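Undergrad: sequence and predicted model, in that order:
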Amino acid sequence: MTEKRLQIAEQLVQEQLNAGHIRPSVSLWNTPIFVIPKKSGKWRLLHDLRKVNVQMQAMGALQPGLPAPTMIPPGWNIVVINLKDCFFTIPLHSHDTQNFAFTMPSINRAAPTKRYEWTLLPQATRNSLTMCQLFVDWALRPIRQHFSNAMIYHYMNDILIATKRPFAEVDLNWLKMKCHGLTVAPEKIQPSAPWKYLGWLITDAQIRHQKITLHDNISTLHDVQKLFGDLKWVCTIVGITNDDLQSFLPWLHGSDANSPRICTPAQQDALVQLRSVLKQRQHAFCVMHIRSHQRNSGLGEGNARGDAAVSCVVHVPPQNV
């Protein structure tokens, strides 16, 4: 790293040390760190854990996809909670912290290097997403018991709770207290409409998607990563399958975000197909379900007449011949 980046790394490491996320170490393990700039102008400390991840057995995903809030009944009260720094609230076992050690070099070798190890689950660990899901699910158990008749959706650090009765102030305070060490920032609680949850915008009458655009101008790996980030939110909504994305997978090879990418004719055709699918959803993109049906008198009456017209059909299996 350059002198400037070393100075920034020292500052970021000191912040993690003050926060209790790392501690001094004499571990024999050692993997590199580096810093990257954010769009905000700040810097981010990253730990290259690829060699550590090779030693770990993959646990696999616990949730095959994102939960959709389209089954919430009309008139139910909703609160959405976003947990702050979810990974930095999951402690590592004392026997495992030595495996997540790194070295902070001094500028111009002016002093001995310093070695630290993470005490909390670091990002980019092979099973970090799975561990986060398990930990948050464990932390939500008392909340599920307290709101036994509620619908509770949990994905990573995003939680949605829907109940028939209104949420009192004491309930919101209780939620903040009962997350077993998980940090719930007051500004991350959405107690009233419109609610934003996992790319959805929820109101009292309808549910629609917040974003339905694609970063499809591909020239670097970073552009590809933004494209797949967009697709994460819209795949299940507009019916895009894994087979539709097969032609894009070769783009993901490599680790340099600025490495060039060339769009082949087959990939260009696949992008055109994606744009066509999204264009069909650009206008009146609304999920019509029970929340809006019961609020619309015309639809509600039509559904009631349709239900009344349906008669019960009894199927009698043929006798053996």
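TA: It's in.
Undergrad: for Gln190, give its distance to Thr183.
TA: As judged by C-beta to C-beta, to the nearest Å, Gln190 and Thr183 stand 16 Å apart. Where C-beta positions appear, they are placed from N, C-alpha and C, glycine not excepted.
Undergrad: comparing these two, which residue is more hemmed in?
TA: Gln190 (17 against 14; other C-beta atoms under 10 Å).
Undergrad: which residues does that one bridge with?
TA: On the basis of DSSP bridges, Gln190 is bridged to Val80.
Undergrad: list the contacts for it?
TA: Contacts of Gln190 were listed using C-beta atoms under 8 Å, 6 or more residues apart in numbering, and they are Ile78, Val79, Val80, Ile81, Lys196.
Undergrad: and Tyr197, by the same measure?
TA: Contacts of Tyr197 by C-beta under 8 Å, 6+ apart are Pro69, Val80, Tyr153, Asp158, Leu160.
Undergrad: farthest pair in these?
TA: Among those, the pair separated by the greatest distance (C-beta to C-beta) is Pro69 and Asp158, at 10.8 Å.
Undergrad: okay, and the common contacts of the two?
TA: Tyr197, Leu198.
Undergrad: contact partners of stretch 40-49?
TA: The contact list for stretch 40-49, computed with C-beta under 8 Å, 6+ apart, reads 8-9, 12-13, 16, 31-38, 100, 102, 118, 122-126.
Undergrad: got the buried residues for stretch 88-102?
TA: Neighbour-count burial for stretch 88-102, with 16 or more other C-beta atoms under 10 Å as criterion, is recorded at Phe88, Thr89, Ile90, Leu92, Thr97, Asn99, Phe100, Ala101, Phe102.
Undergrad: do stretch 200-217 as well
TA: Counting neighbours by 16+ other C-beta under 10 Å, stretch 200-217 gives Trp200, Ile202, Gln206, Ile207, Arg208, His209, Ile212, Leu214, Asp216 as buried.
Undergrad: hmm, the fourth one is touching Pro69, no?
TA: Yes - Ile207 is within contact range of Pro69, at 6.2 Å (criterion: C-beta atoms under 8 Å).
Undergrad: who touches both of those two?
TA: Trp200.
Undergrad: now the terminal residues of stretch 98-118, how far apart.
TA: Terminal residues of stretch 98-118 are spaced 8 Å apart (C-alpha to C-alpha, to the nearest Å).
Undergrad: I should have written stretch 72-81 there, sorry.
TA: End-to-end distance of stretch 72-81 (C-alpha to C-alpha): 16 Å.
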